[in-house]
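Novice: A predicted structure for the sequence below; I have some questions about it.
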Amino acid sequence: MIVAIAGGVGAARFLRGLLQVVPADEVVAIVNTGDDTVFHGLHVSPDIDTVVYTTSGAIDPERGWGLAGETWTAMSSLQRYADQGAVTWFNLGDRDLATHLWRTGRLAESATLSEVTEQLRQAWGLGFRILPMTDQRVRTMVDTTNGELGFQEYFVRHQHGVPVTGVRFDGIDRAVAAPGVLEAIATADAIVVCPSNPIVSIGPVLAVPGVRDALISRRDHVVAVSPIVAGAALKGPADRMLTELGHESSVVGVARLYAPFVSTLIIDDADSTSADAVRAAGVDCIVTDTIMSRPGVGAALARTALLAARPSSVEGHLE
């Protein structure tokens, strides 16, 4: 079994590559839900949906989120109520709305997020397991120079353009790892920390009680793909967040954050001169192409990650 610790767009693209080199029924994705929020009265799970839409082939390739061929009639109509307090800065496409309407209804019927996510996976015909990090509500809160903001308000409304002074995960003290999460980590042949924001995509998963310790205990079989290339994030604010919170925005900075629970860090060719510094931070280092917007890179990257995590036990999984 292969476990992937996943955030949003980068993780979803890695998973798409992973599914090209191992059978889907051998893959388990543990997905961040700290981004989950309620908009327009609907429960939205951005990272879960991005994983589902990307691996099913339905994702909008230009935006990297939402569905291809979307229309926006509902959001346009919502503008009529802007003066009455309607939230108009967070858009949900007409087709995407169906997912959130259904999820919200199921949760209102007392289904757990794990149960709803499993049904979502089945509805989209996906062969791999998708586990939310927890069934309890955990909300990523971002301290900024504009005050504390919910993650989506920081990310979407402010276009992640305000300086960050801290991050906390509201509700994490009451959270319990979702069914199957700790068991998957404990029994996996290989564990991959996907190329996602270390602070707000991977960070919430690690903060769920028991998850970080479980990864530490499996460190020899944990490999990570750096989300930072040549000092910058390919998408999103990971580079600025790292710097603003006192970390180094580089593959070395990522290595230092991940060293307690990751044995190998995969970095891009653009950072080849930093390989020795990554090793000095306490992790092995592999240099390869990690830019998954190019054809074939995702599958090759997944194969490299699996062989680095535990060569003797994953070779039989590779197709």
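Specialist: Now that the structure is in, tell me what you want to look at.
Novice: please enumerate the strands of this structure.
Specialist: Here the chain has its strands, by DSSP state E, at 2-6, 27-31, 37-39, 42-44, 129-132, 139-144, 147-150, 164-170, 190-193, 222-225, 228-229, 232-233, 264-268, 284-288.
Novice: TSV for these, including mean neighbour count?
Specialist: Yep, even glycine has a C-beta here, placed from its N, CA and C like the rest. Formatted as TSV, the strands of the chain follow (neighbours: other C-beta atoms under 10 Å):
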stretch	mean neighbour count
strand 2-6	27
strand 27-31	26
strand 37-39	16
strand 42-44	19
strand 129-132	24
strand 139-144	21
strand 147-150	14
strand 164-170	16
strand 190-193	29
strand 222-225	27
strand 228-229	22
strand 232-233	16
strand 264-268	24
strand 284-288	18
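Novice: tabulate those strands (JSON lines), appending mean pLDDT.
Specialist: Converted to JSON lines, the strands of the chain look like this (pLDDT from 0 to 100):
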{"stretch": "strand 2-6", "mean pLDDT": "97"}
{"stretch": "strand 27-31", "mean pLDDT": "98"}
{"stretch": "strand 37-39", "mean pLDDT": "93"}
{"stretch": "strand 42-44", "mean pLDDT": "96"}
{"stretch": "strand 129-132", "mean pLDDT": "98"}
{"stretch": "strand 139-144", "mean pLDDT": "96"}
{"stretch": "strand 147-150", "mean pLDDT": "94"}
{"stretch": "strand 164-170", "mean pLDDT": "96"}
{"stretch": "strand 190-193", "mean pLDDT": "97"}
{"stretch": "strand 222-225", "mean pLDDT": "98"}
{"stretch": "strand 228-229", "mean pLDDT": "96"}
{"stretch": "strand 232-233", "mean pLDDT": "92"}
{"stretch": "strand 264-268", "mean pLDDT": "98"}
{"stretch": "strand 284-288", "mean pLDDT": "97"}
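Novice: quick one, which of these is nearest to Leu242?
Specialist: Distance to Leu242, taken as C-beta to C-beta, is lowest for strand 228-229 among these, at 7.4 Å.
Novice: chain center to the closest one, what's the gap?
Specialist: 16 Å (C-alpha atoms, centre = their mean, to the nearest Å).
Novice: stretch 279-299 too?
Specialist: Counting by C-alpha atoms, centre = their mean, stretch 279-299 is centred 17 Å from the centre of its parent chain.
Novice: and stretch 72-88, by the same measure?
Specialist: Distance, stretch centre to chain centre, for stretch 72-88: 29 Å (C-alpha atoms, centre = their mean).
Novice: ends of that stretch, what's the gap?
Specialist: Between the opening and closing residues of stretch 72-88 there is a gap of 12 Å (C-alpha to C-alpha, to the nearest Å).
Novice: buried stuff in it?
Specialist: Neighbour counts over stretch 72-88 (16 or more other C-beta atoms under 10 Å) mark 75, 78 as buried.
Novice: per-residue confidence averaged over that stretch?
Specialist: Stretch 72-88 shows a mean pLDDT of 92.
Novice: who's in contact with that stretch?
Specialist: 39-40, 91-94, 97 (C-beta atoms under 8 Å, 6 or more residues apart in numbering).
Novice: ok, now with 6 Å
Specialist: Applying C-beta atoms under 6 Å, 6 or more residues apart in numbering, the contact partners of stretch 72-88 are 39, 91, 93-94.
Novice: residues in contact with Tyr53?
Specialist: Going by C-beta under 6 Å, 6+ apart, Tyr53 touches Ile59.
Novice: for Arg218, see how far away it is.
Specialist: For Tyr53, the distance to Arg218 equals 29 Å [C-beta to C-beta, to the nearest Å].
Novice: isn't Thr50 up against Gly8?
Specialist: Yes. If you go by C-beta atoms under 6 Å, Thr50 and Gly8 touch, sitting 5.0 Å apart.
Novice: just the contacts of stretch 72-88 now: which is nearest Leu206?
Specialist: For these, the residue nearest Leu206 by C-beta to C-beta is Phe39; the value is 25.9 Å.
Novice: correct me, but that closest one touches Trp89?
Specialist: No. Under the contact definition of C-beta under 6 Å, Phe39 does not touch Trp89, with a separation of 9.5 Å.
Novice: can you list residues touching both of the two?
Specialist: Common contact partners of Phe39 and Trp89 (C-beta under 6 Å, 6+ apart): none.
Novice: any stretches of the stretch 151-300 of the chain with poor pLDDT?
Specialist: Nowhere does the stretch 151-300 of the chain drop to pLDDT under 70.
Novice: keeping just the C-alphas, turn stretch 282-296 into CSV.
Specialist: Taking Å, rounded to 0.1, in the frame of the first residue of the first chain, the C-alpha atoms of stretch 282-296 are listed here in CSV:
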residue,chain,number,x,y,z
GLY,A,282,19.5,15.5,7.9
VAL,A,283,17.7,14.0,4.9
ASP,A,284,18.8,12.2,1.8
CYS,A,285,18.3,14.1,-1.4
ILE,A,286,17.3,13.1,-4.9
VAL,A,287,17.5,15.7,-7.8
THR,A,288,15.1,15.3,-10.7
ASP,A,289,12.5,17.1,-12.7
THR,A,290,9.5,18.0,-10.5
ILE,A,291,7.6,20.4,-12.7
MET,A,292,4.4,18.3,-13.3
SER,A,293,2.9,20.7,-15.9
ARG,A,294,5.1,18.9,-18.4
PRO,A,295,3.9,15.6,-19.9
GLY,A,296,5.2,12.5,-18.2
